[in-house]
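[1] Sequence first, then the predicted structure, then my questions.
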Amino acid sequence: MVSKLIQRSNHEAENPLDITLREAFSLLEPKLRPPFPLSIPTKDEYQNLNRAILYGILSEPHLAKVHIKHLHGIITDGYQYFTSVLVKIVNELYVKLIEPVKRQLIWLTHEMVNVSAIGFDGLLVALLRQIVGGDFGEENLHLCFEMVNLFSSKWFYLLEEEPLVLTGALYVFLRLLTDHFRVSNIPKMESLRKMESDFCVRMLRYNFSLCLKIGRDLVRLLQDLVRVPQFCAVLKDMLYNPSAFRVDGFTDISQLYNTPTPRWYFSLRLTPEMESQLTFLLTRVKFGSQKRYQVWFAKKFLSAPERNAVIIDVVRFICCAHHSPNDVIRTGIIPRWAVIGWLLKSNMKNYVEANTKLALFYDWLFFDEKVDDIMNIEPAILLMVHSIPEYIDITNSLLEFLFILSDNYDPERKEILHRGILAAFNAIVRKRMVQSLDIFGSELIYPILKERLGKLLRHAVPEAQHQSRNIKLAS
């Protein structure tokens, strides 16, 4: 029986999940037509029937309503098993699904939300992750449209039942809007941008207390949309008129700065396939043997110029969501800083390069050892140190960018930024993340940068102060 769900080339092996669904449907197809059997199935029979019905809904759109009625009649676990298989299909098969099946999948997702299926929030997250950043193809934009439409139409229900998934959608659509506002010659893009903008502004204006759960990266995303009037107005209120949000206890944007963004948000902008390949690179590939894997990764995910913006999300994910355990680090696997260094050498547009560096340093600006994970700041310091002397341009560029951020990211709260950067250096020295900061005294580093760093470290912990004496100041 040929699969009715996925496209598969002749040289590809059959997918085990697709085989399981297909076999269940083939075995039980006679029982999927009215009148339905009234017998009570065993656990194995129940799960097999779930798989058969799911295959039927996806592959027989003309009988979908018959199949869904059958499903409602046999459910005994709150749709938990059914939804878990749906999530697997999205995570493992989505890119291979034929277009009619993708449409059925969206319809079925609406149905699962309508019946409050156990795990429907995970299904929504799985679909959000399939929206590819920088991809302006018709299929990808259609998925954007369908998902923002779903979140908008189910707004009140989601707000009551699964409010956290709304914050995930906000994170995704704010990030997508940055890409979508940079293009104008694509049919239906204007209407999509309006839907995405309306959803995001609605969240920010009417449920700001919920938005605060995203933490400091909410500000990072909004600042990338500062030239869009409605988002500029939101950001201005956050900076100068926090009472406009009517949230008890929210009195200053620094409260967001001081709140680290939970890890799961960072995975939202990587497809499961991209995360899987990136994790393989960071856990299985030996340092020095990574070139062919990097070439493959770039060809697969970064080849088109407009896809370069995904690098921002990849760097943020590496810094904040992938922390290699010590036993992996000791095996000589390619370190995180080296992967980020490779990404920074990609041929990027200026705004992508700036935002990639911001993604690398963002937690430095507000670092507080009591709430922040030191592993988030590790890649930047190791990249700067290990780039001396062979790639000194990277060290100079990153140090310069860090000081530009310190002075200009939020001039009215410059003291907060200086304190965060100093706290980051203090933690780096105390935890012995690098052998010594003396290396920044290299004559290859721009004198003005050495001077700035030396002045900063004069206020550091004693160990850092001692090391800063060896950083030659510019005359």
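    Received, thanks. Residues are numbered from 1 along each chain as shown.
[2] Now for Asp198: which residues touch it?
    Contact analysis of Asp198 by Cβ atoms under 8 Å, 6 or more residues apart in numbering lists Ser152. Using the backbone N, CA and C atoms, a C-beta is placed for each residue, glycine as well.
[3] so how far is Gln223 from it?
    20 Å (Cβ to Cβ, to the nearest Å).
[4] what does Gly119 give?
    Relative to Gln223, Gly119 is positioned 34 Å away (Cβ to Cβ).
[5] and Glu369, what does it touch?
    Applying Cβ under 8 Å, 6+ apart, the residues near Glu369 are 423, 426-427.
[6] And stretch 348-360, what's buried?
    Within stretch 348-360, the residues scored as buried using 16 or more other Cβ atoms under 10 Å are 348, 352-353, 355-360.
[7] which among these gets closest to Ile445?
    Lys357 (17.0 Å; Cβ to Cβ).
[8] what would the buried residues of stretch 348-360 look like in JSON lines with pLDDT?
    Output for these, formatted as JSON lines (pLDDT from 0 to 100):
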{"residue": "Met348", "pLDDT": "90"}
{"residue": "Val352", "pLDDT": "95"}
{"residue": "Glu353", "pLDDT": "96"}
{"residue": "Asn355", "pLDDT": "97"}
{"residue": "Thr356", "pLDDT": "98"}
{"residue": "Lys357", "pLDDT": "98"}
{"residue": "Leu358", "pLDDT": "98"}
{"residue": "Ala359", "pLDDT": "98"}
{"residue": "Leu360", "pLDDT": "98"}
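[9] could you redo those residues as JSON lines and give each row distance to Tyr94 and secondary structure?
    What follows is the buried residues of stretch 348-360, written out as JSON lines (distance: Cβ to Cβ, whole Å; DSSP: H, G, I helix; E, B strand; the rest coil):
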{"residue": "Met348", "distance to Tyr94": "28", "secondary structure": "coil"}
{"residue": "Val352", "distance to Tyr94": "26", "secondary structure": "helix"}
{"residue": "Glu353", "distance to Tyr94": "31", "secondary structure": "helix"}
{"residue": "Asn355", "distance to Tyr94": "27", "secondary structure": "helix"}
{"residue": "Thr356", "distance to Tyr94": "27", "secondary structure": "helix"}
{"residue": "Lys357", "distance to Tyr94": "32", "secondary structure": "helix"}
{"residue": "Leu358", "distance to Tyr94": "30", "secondary structure": "helix"}
{"residue": "Ala359", "distance to Tyr94": "26", "secondary structure": "helix"}
{"residue": "Leu360", "distance to Tyr94": "30", "secondary structure": "helix"}
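[10] which one among those residues gets closest to Ala24?
    Closest approach to Ala24 among these (Cβ to Cβ): Ala359, at 43.7 Å.
[11] wait, what's in contact with the closest one?
    Applying Cβ under 8 Å, 6+ apart, the residues near Ala359 are 220, 312-313, 315-316, 319.
[12] For Pro61, see how far away it is.
    Using Cβ to Cβ, we find Ala359 at a distance of 42 Å from Pro61.
[13] try Glu139
    Going from Glu139 to Pro61 by Cβ to Cβ gives 17 Å.
[14] what about the two, which has more around it?
    Counting neighbours by other Cβ atoms under 10 Å for Glu139 and for Pro61 shows that Pro61 has the greater number, 15 against 11.
[15] Thought Gln104 was touching the more buried one, still the case?
    Yes - if you go by Cβ atoms under 8 Å, Pro61 and Gln104 touch, sitting 5.6 Å apart.
[16] check contacts around Gln290.
    Per Cβ under 8 Å, 6+ apart, neighbours of Gln290: 281, 334, 338-339, 342.
[17] same deal with Phe440?
    384, 399, 450, 453, 471.
[18] tell me the SS of the second one?
    Remark: Leu399 carries the secondary structure label helix [criterion: DSSP: H, G, I helix; E, B strand; the rest coil].
[19] Roughly how far does the nearest residue to it once chain neighbours are set aside sit from Leu124?
    Of all residues not flanking Leu399 in the chain, Leu449 sits nearest, at 4.7 Å (Cβ to Cβ, 6 or more residues apart in numbering). According to Cβ to Cβ, Leu449 and Leu124 sit 46 Å apart.
[20] which of the two has more neighbours?
    Neighbour count, other Cβ under 10 Å: between Leu449 and Leu124, Leu124 has more, with 25 against 20.
[21] which SSE is the more buried one in?
    Following DSSP states H and E, the helix or strand that holds Leu124 is helix 120-128.
[22] in the protein, what spans have low per-residue confidence?
    461-475 (pLDDT under 70).
[23] swap the cut-off to 80 and go again
    1, 10, 38, 305, 328-329, 459-475 (pLDDT under 80).
[24] quick one, strands of it?
    Counting by DSSP state E, the chain has no strands to list.
[25] contacting residues for Leu281?
    So Leu281 contacts 290, 293-294, 297, 334, 339 (Cβ under 8 Å, 6+ apart).
[26] Just the ones of those residues in helices?
    The helices, defined by DSSP state H, take in 293-294, 297, 339 from these.
[27] Could you tell me which of the contacts of Phe440 belong to helices?
    Counting by DSSP H, these contribute 384, 399, 450, 453 to helices.
[28] which two in the residues you listed are spaced the farthest apart?
    Checking those with Cβ to Cβ, the most distant pair is Met384 and Lys450, at 12.7 Å.
[29] who's more crowded, the two?
    Met384 (24 against 20).
[30] circling back: could the contacts of Gln290 go into JSON lines alongside distance to Leu143?
    Formatted as JSON lines, these follow (distance: Cβ to Cβ, whole Å):
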{"residue": "Leu281", "distance to Leu143": "26"}
{"residue": "Ile334", "distance to Leu143": "32"}
{"residue": "Ala338", "distance to Leu143": "33"}
{"residue": "Val339", "distance to Leu143": "28"}
{"residue": "Trp342", "distance to Leu143": "30"}
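[31] Now for those, which sits with the most neighbours around it?
    Most surrounded of these: other Cβ under 10 Å gives Val339, at 24 neighbours.
[32] Among the contacts of Phe440, which one sits closest to Glu92?
    Among the contacts of Phe440, and counting by Cβ to Cβ, the member closest to Glu92 is Met384, at 38.7 Å.
[33] May I have the residues that are in contact with the nearest residue to the closest one once chain neighbours are set aside?
    Excluding the flanking residues, the one nearest Met384 by Cβ to Cβ, 6+ apart is Thr395, at 4.7 Å. Thr395 makes contact with 384-385, 387-388, 444-445, according to Cβ under 8 Å, 6+ apart.
[34] Over to Leu270?
    Applying Cβ under 8 Å, 6+ apart to Leu270 gives the contacts 129, 278, 310, 313-314, 317.
[35] Gly288: what's it in contact with?
    Residues near Gly288 by Cβ under 8 Å, 6+ apart: none.
[36] Can you give me the distance of Leu210 to Met203?
    7 Å.
[37] hey, what's in contact with both of those two?
    Residues touching both Leu210 and Met203 by Cβ under 8 Å, 6+ apart: 166-167.
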